[in-house]
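[1] Mind looking at a prediction? Sequence and model below.
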Amino acid sequence: MPTGGRKAALDEHLNALWYFLRNGCAWRALPDEFGYWFTIYQYFNRLSLNGFFDWFHEQLLLGKDAEVVFEDSTHCKVHQHANGCKDRAAQAVGRSRGGLNTKIHAVCDALLRLAGKLVLTGGNVSDFTAAPDLTADLHDCVVTGDKGFDSREHRRDLRSRGCEPCIPSRKNTKCPEPYDEDLYRARHCIENLFQRLKVYRRVATRYEKTSRMFLALVLCSVAATYDQFSLWGSM
């Protein structure tokens with residue numbers, strides 16, 4: 001991919017991305033040995049604009065092999081430099097008790113592999129509101145979630161695709177539905193995935209102005225957690 005008057009070296013850019021994700025530095029603060037920072041930024045920005053990360057997202061999905069999956073969300077604090085996007089509707093930033101946040105909604109299997117597409121929302125969006133988009137690709141499996149996913153619509157949507165919800169009912173529910181308590185104890189798998197993602201400081205705190213670029217960095221962090229950077233070689 002020609003950038004900056006020369007053909008970009010993919011290995012150099014991947015090394016810069018790894019350093020960038022792990023240390024959480026600004027684009028301008030990348031060490032000089034990785035090359036000119038704006039060339040590296042433009043490389044990944046153009047990949048995102050051209051739909052590469054949409055394809056990359058599909059490659060990271062587990063498919064229909066999972067028998068049990070776990071759904072949940074995590075908050076990422078929004079840095080002040082992440083403000084200023086012209087299209088605020090597509091920014092996926094909302095105000096909660098802790099200030100401005102972005103929520104990462106994810107669903108994974110017991111081996112921490114993605115079973116459905118990641119969904120970004122504002123921090124003030126409830127879990128069951130994002131659940132239809134989060135679980136749209138799931139079929140014939142058990143879906144385990146916490147009380148934040150307790151809604152009749154969500155349970156009905158899952159069962160229409162052959163999925164069995166393992167979700168405890170809220171305390172104020174008049175007729176609580178039964179669920180497998182032993183299976184529910186394994187819900188820590190999704191928390192483990194979030195813990196691995198937030199090792200990368202660029203994901204733990206959101207600095208990107210657009211949700212498009214932030215999602216691209218989250219996907220790269222997911223790939224790094226189970227060593228799938230070999231996918232870059234097929235572009």
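    Here it is on my side, so go on. Numbers count the residues shown, from 1 in each chain.
[2] care to break this protein down by domain?
    2-50, 63-209 (automatic domain parsing).
[3] Quick one, which of those domains gets closest to C220.
    Nearest of the domains of the chain to C220, taken as CB to CB: domain 2-50 at 6.3 Å. Bear in mind the C-beta positions are built from the backbone N, C-alpha and C, glycine included.
[4] I'd like the distance between the residue in the chain sticking out farthest from the centre and K198.
    Residue farthest from the centre of the chain, counting by CA atoms, centre = their mean, is K174 at 34.3 Å. Going from K174 to K198 by CB to CB, to the nearest Å gives 38 Å.
[5] Check P165 too.
    From P165 to K198 the distance is 27 Å (CB to CB).
[6] Give me the more crowded residue out of those two.
    Neighbour tally, P165 and K198, criterion other CB atoms under 10 Å: the higher count belongs to P165, 22 against 15.
[7] Pull up the pairing partners for the helix or strand encompassing that one, direction included.
    Assigned by DSSP states H and E, P165 belongs to strand 164-166. Paired neighbours of strand 164-166 in the sheet (DSSP bridges): strand 142-144 (parallel).
[8] In this protein, which residue is most central in space?
    Closest-to-mean residue, the chain, CA atoms, centre = their mean: L118 / 4.3 Å.
[9] re the thing from before, so which of the domains of the chain is the most surrounded?
    Among those, domain 63-209 has the highest mean neighbour count (mean count of other CB atoms under 10 Å), at a mean of 17.
[10] from the middle of its chain, how far away would it be?
    Centroid separation for domain 63-209 versus its chain: 9 Å, with CA atoms, centre = their mean, to the nearest Å.
[11] now that domain: mean pLDDT?
    For domain 63-209, mean pLDDT is 88.
[12] Span of it from start to end?
    Domain 63-209 has an end-to-end distance of 31 Å (criterion: CA to CA, to the nearest Å).
[13] Kindly report the same for stretch 16-29.
    Start-to-end, stretch 16-29 (CA to CA) is 11 Å.
[14] ok, now stretch 147-165?
    11 Å.
[15] Need the contact partners of stretch 211-223.
    Taking contacts as CB atoms under 8 Å, 6 or more residues apart in numbering, the residues outside stretch 211-223 that touch it are 17, 21, 44-45, 47-49, 53, 56-57, 60, 90-92, 102, 104, 114, 118, 120, 197, 200, 202-203, 206, 208, 229, 231.
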